[in-house]
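Participant: Compute the structure for the input listed below.
(2 chains)
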Number of protein chains: 2
Amino acid sequence: MKFSKYGQQFTKPSSLSQIMDDLGDALRSETPVYLLGGGNPARIDKVNEAYLKAYNSLGAGGIGSSAIESITNYSNPQGDAKFIDTLVDFFHRHYDWQLTRDNIALTNGSQNAFFYLFNLFGGQFAADDGETVTKSILLPLAPEYVGYSDVQIDGKHFIAIKPEIEEVTHEGESGFYKYRVDFDALRDLPALKNGEIGAICCSRPTNPTGNVLTDEEIATLVDIAKQYDVPLIIDNAYGEPFPNVIYPNVKLHWDNNTILCFSLSKIGLPGVRTGIVVAHPEVIKAISSMNAVVNLAPTRFGAAVATPLFEDDTLKQLCDDTIKPFYAKNAKRAVDLIKAELGDYPVFIHKPEGAIFLWVWFKDLPITTTELYDRLKAKNTLIVPSEYFYPGLDIEGFPHAYECVRMSIAADEQTLTAGIKVIGEVVRELYDHR
Amino acid sequence: MKFSKYGQQFTKPSSLSQIMDDLGDALRSETPVYLLGGGNPARIDKVNEAYLKAYNSLGAGGIGSSAIESITNYSNPQGDAKFIDTLVDFFHRHYDWQLTRDNIALTNGSQNAFFYLFNLFGGQFAADDGETVTKSILLPLAPEYVGYSDVQIDGKHFIAIKPEIEEVTHEGESGFYKYRVDFDALRDLPALKNGEIGAICCSRPTNPTGNVLTDEEIATLVDIAKQYDVPLIIDNAYGEPFPNVIYPNVKLHWDNNTILCFSLSKIGLPGVRTGIVVAHPEVIKAISSMNAVVNLAPTRFGAAVATPLFEDDTLKQLCDDTIKPFYAKNAKRAVDLIKAELGDYPVFIHKPEGAIFLWVWFKDLPITTTELYDRLKAKNTLIVPSEYFYPGLDIEGFPHAYECVRMSIAADEQTLTAGIKVIGEVVRELYDHR
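Facilitator: Predicted structure coming up:
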């Protein structure tokens, strides 16, 4: 069959799709695989008990129950109205943003929101003189989330800024570093000055690195976005107030020119595919229209399960008391294990400030981490190599981009321990025999 | 904020979006509105009882229950594996298509599937000589589903064939007609002969008309599709075996060059947004990849609720014994009411062969049905005027295209009766005073 050019984007095999297939295969594998590659949230019993309770109450009340109401009716294209009203109240209790229901739309997960936003603010624009201008999405700090790469319908239009790498301590210990935005390079960017940027976007905490942009960095990005009249999109999938897997004491910013994206996935509900966009009413209207065309209406059941848990702040409590400490403990465990395995080698860890990953830098490793991926896979251990996390940056001549790996810390203790042991063995041998 | 050209498609108001907003407002209205406009399935207690039972069993078993498994894990991009395996068995029991799991993908509802398919088979193609060819989706029989209109990402590319209108009887009575494919016009179509068609698509039963393409018409389309090496896409949202709102004794066709689209919406589960695509493995692979990029993975909960109902054919039984008779009865009631109101006027009804609509033709009405829409709306009665159901056909100089309305028959008896009474009054006055 003949596919369109757009369709062909999706049918050509890429090394990343191979890695994704490996992850899928691993989940079905009969031999144990140390799965440190995926983005699945951890299975936390206490959290799942709360979801089960909400699930069962929704089903009470016969065919007039909220469960039946939710599954047997379309929502409107903006998303489940009751959940949106609940979110307005929720944000009103915890932030001074003065949101109304015109500021919130639901999507089929966060990926779906980014598909809309990057095509709304990137790609072909009509210029004042009748000509067409191609605008890119500016990623102020590489590495960034690999899932952004393929969503643009008329080709990839990203421009990313090479990070500054700063040696830092973590809980008094050395061996850590942190990425910083190179604002000089960003301000000098010709595309920005020439009106060829349609939006600025960052994930905070960052997938893959666990970096958290400082309040100062965010304030500067807010100013630059306003100066160039483009929105600042913040992917808050791991941030506060839910799942709240973020450790530095920073502020969650929103204003009329900021688009904040939330998700129910990392609180442990990825199967319900529910993303939440908080933005100017004009953006919300566009997203609703895109929902109508792409999906008719967003799925409702995530909204139904989540509503009671947001109404009385049960979910916020779960995030603060259970989810955040769970990942903090796993991050610490993973750091200790890596230090124990590779403390005597030039291995550095990005300061773990949030999200559910550890980002590990094998400095001067004699092979790329894409090759390391294969060696680890041969020993049933899966990570994600770093080179895929640079959409919009030419990484030729930037060896650091090939020297890191993303490692999930959502796994159980046994998997984490065994997986990091394998990584230690393989990496030590590589350094020892270079 | 500045939106891309693609984004602007979604933010410009259209008369259709106005009608959609009217429908949304009507649902929230405090005064009673006779809602014959939407596509919502009927609320059928016996069916909802089956869904409630399935819902509650899924939640049994604590945090190890299927419900928690479904909502707390991603499926892979192809869709929930257990439901896909259940569907393979289901189709194997009822059809001789010899499907495997490589023939089935899930999407976030049928609209989502058409968004993928029309962009996979329509739009820009790379030609052998390196040039770009724009290919259209051929709709062999207008009127067709209005929801197809806006899904193409690089502009609207549809070509529709003007229907032949045949006077027919229905249950021995006159006053009915049926659309037929004009195969002479179709075969002569320059775009088809020049390789500018990427796929052929029809809904069967047709939304909006309730027409069912005959087995002969389908067989001819199957041949033409093969001859020109393009797939035939059949939108089976209302067809057999679920919801089975189809009355003529016809065959459901599938082969390797046919893409069959099913939906859980019209069995009464629109809130779960679950579409099912049955196609060649190459198409399924492309859809899975598009799921990954647009939605990361399709939503799972519809699959979870539906699985037990498909496993033991409970759902098929519900369709045969409850859903199909329900709509058949409502169609008969609506026909009787219209005949009673307008039997003495040049009003013709498309032979009701399936789906949840009646398509009524007010021949030589002195105003268009878009104007009629406004008069009915002023009397709290909502229908959808016909002119929007002609994607791909230039309807200037084709008065029939402005003389019909789509009327939902999913409403309860009181709404149907009161709504058709209003239509009778308004339309009689129009004819009487012309």
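Participant: And for the closest residue to residue A:141 other than its chain neighbours, the neighbour number?
Facilitator: Nearest residue to residue A:141, sequence neighbours excluded (Cβ to Cβ, 6 or more residues apart in numbering or on different chains): residue A:181, at 5.0 Å. Bear in mind the C-beta positions are built from the backbone N, C-alpha and C, glycine included. The tally of other residues near residue A:181 (other Cβ atoms under 10 Å in any protein chain shown) stands at 21.
Participant: Residue A:181 and chain B: what is the separation?
Facilitator: 23 Å (Cβ to the nearest Cβ, to the nearest Å).
Participant: Tell me which residues are up against the helix or strand hosting residue A:165.
Facilitator: Residue A:165 belongs to strand A:164-170 when elements are defined using DSSP states H and E. The set of residues external to strand A:164-170 that reach it, using Cβ atoms under 8 Å, 6 or more residues apart in numbering or on different chains, is A:174, A:176-182, A:335, A:349, A:351-352, A:400.
Participant: Contacts only, for the residue nearest to residue A:141.
Facilitator: A:140-141, A:161, A:163-164, A:213, A:217, A:220-221.
Participant: Among those, the buried ones, what's the PyMOL command?
Facilitator: Only the buried entries of those go into this PyMOL selection, using 16 or more other Cβ atoms under 10 Å in any protein chain shown:
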select buried, chain A and resi 140+141+161+163+213+217+220+221
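Participant: circling back to that earlier point, mind checking pLDDT for the residue nearest to residue A:141?
Facilitator: Per-residue confidence (pLDDT) for residue A:181: 98.
Participant: Report the backbone C-alpha coordinates of whichever strand or helix holds residue A:317 in PDB.
Facilitator: Per DSSP H and E: residue A:317 is located in helix A:314-318. Only the C-alpha atoms of helix A:314-318 are listed here, as PDB (Å, rounded to 0.1, in the frame of the first residue of the first chain):
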ATOM      1  CA  THR A 314      -6.800  13.100  48.800                       C
ATOM      2  CA  LEU A 315      -4.600  13.000  45.800                       C
ATOM      3  CA  LYS A 316      -2.400  15.900  46.900                       C
ATOM      4  CA  GLN A 317      -1.900  14.200  50.200                       C
ATOM      5  CA  LEU A 318      -1.000  10.900  48.400                       C
END
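Participant: And the next helix or strand past that helix?
Facilitator: Criterion used, DSSP H and E; the element after helix A:314-318 is helix A:324-342.
Participant: Give me the buried positions along stretch A:392-411.
Facilitator: A:392-393, A:395, A:401-411.
Participant: Which parts of the stretch 1-150 of chain A are strands?
Facilitator: Assigned by DSSP state E, counting those that start in this stretch, the stretch 1-150 of chain A shows strands spanning A:34-35, A:104-107, A:123-126, A:132-139.
Participant: swap in the stretch 201-350 of chain A?
Facilitator: Counting by DSSP E, counting those that start in this stretch, the strands of the stretch 201-350 of chain A are A:232-235, A:258-263, A:275-278, A:347-350.
Participant: Can I get the ones you listed in TSV including mean neighbour count, distance to residue B:191 and mean pLDDT?
Facilitator: Formatted as TSV, the strands of the stretch 201-350 of chain A follow (neighbours: other Cβ atoms under 10 Å in any protein chain shown; distance: least, Cβ to Cβ, whole Å; pLDDT from 0 to 100):
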stretch	mean neighbour count	distance to residue B:191	mean pLDDT
strand A:232-235	26	40	98
strand A:258-263	24	41	98
strand A:275-278	25	39	98
strand A:347-350	23	55	98
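Participant: possible to save the ones you listed as CSV with distance to residue A:98?
Facilitator: CSV is the format used below for those (distance: least, Cβ to Cβ, whole Å):
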stretch, distance to residue A:98
strand A:232-235, 18
strand A:258-263, 14
strand A:275-278, 12
strand A:347-350, 36
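Participant: of those, which approaches residue B:377 most closely?
Facilitator: strand A:275-278 (31.5 Å; Cβ to Cβ).
Participant: ok but residue A:178 is inside a strand, no?
Facilitator: Yes: assessed by DSSP: H, G, I helix; E, B strand; the rest coil, residue A:178 belongs to a strand.
Participant: Now for it, how many residues are close by?
Facilitator: Neighbours of residue A:178 using other Cβ under 10 Å come to 19.
Participant: who's in contact with it?
Facilitator: Residue A:178 sits in contact with A:165-166, A:168, A:211, A:350-351, A:353, where contact means Cβ under 8 Å, 6+ apart.
Participant: go on, residue A:75?
Facilitator: By Cβ under 8 Å, 6+ apart, the neighbours of residue A:75 are A:81, A:106, A:297-298, A:300, A:303, B:271.
Participant: In helices, which of those appear?
Facilitator: A:81, A:303 (DSSP state H).
Participant: just the buried members of the contacts of residue A:75?
Facilitator: Buried among these by 16+ other Cβ under 10 Å: A:81, A:106, A:297-298, A:300, A:303, B:271.
Participant: Okay, and the beta partners of residue A:276?
Facilitator: residue A:106, residue A:262 (DSSP bridges).
Participant: what does residue A:133 give?
Facilitator: Bridge pairing for residue A:133 - DSSP bridges - gives residue A:125.
Participant: One more: the one 5 residues further on?
Facilitator: Taking DSSP bridges, one obtains residue A:159, residue A:200 as the residues bridged to residue A:138.
Participant: Settle this for me: it is touching residue A:196, isn't it.
Facilitator: No: the pair residue A:138 / residue A:196 is not scored as a contact, 9.4 Å apart, by Cβ atoms under 8 Å.
Participant: Neighbour count for those two, which is higher?
Facilitator: residue A:138 (29 against 17).
Participant: Show me which residues of the helix or strand harbouring residue A:423 are buried.
Facilitator: With elements taken from DSSP H and E, the one containing residue A:423 is helix A:413-432. Along helix A:413-432, these residues count as buried under the neighbour rule (16+ other Cβ under 10 Å): A:415-416, A:418-424, A:427, A:430-431.
Participant: All set now, cheers.
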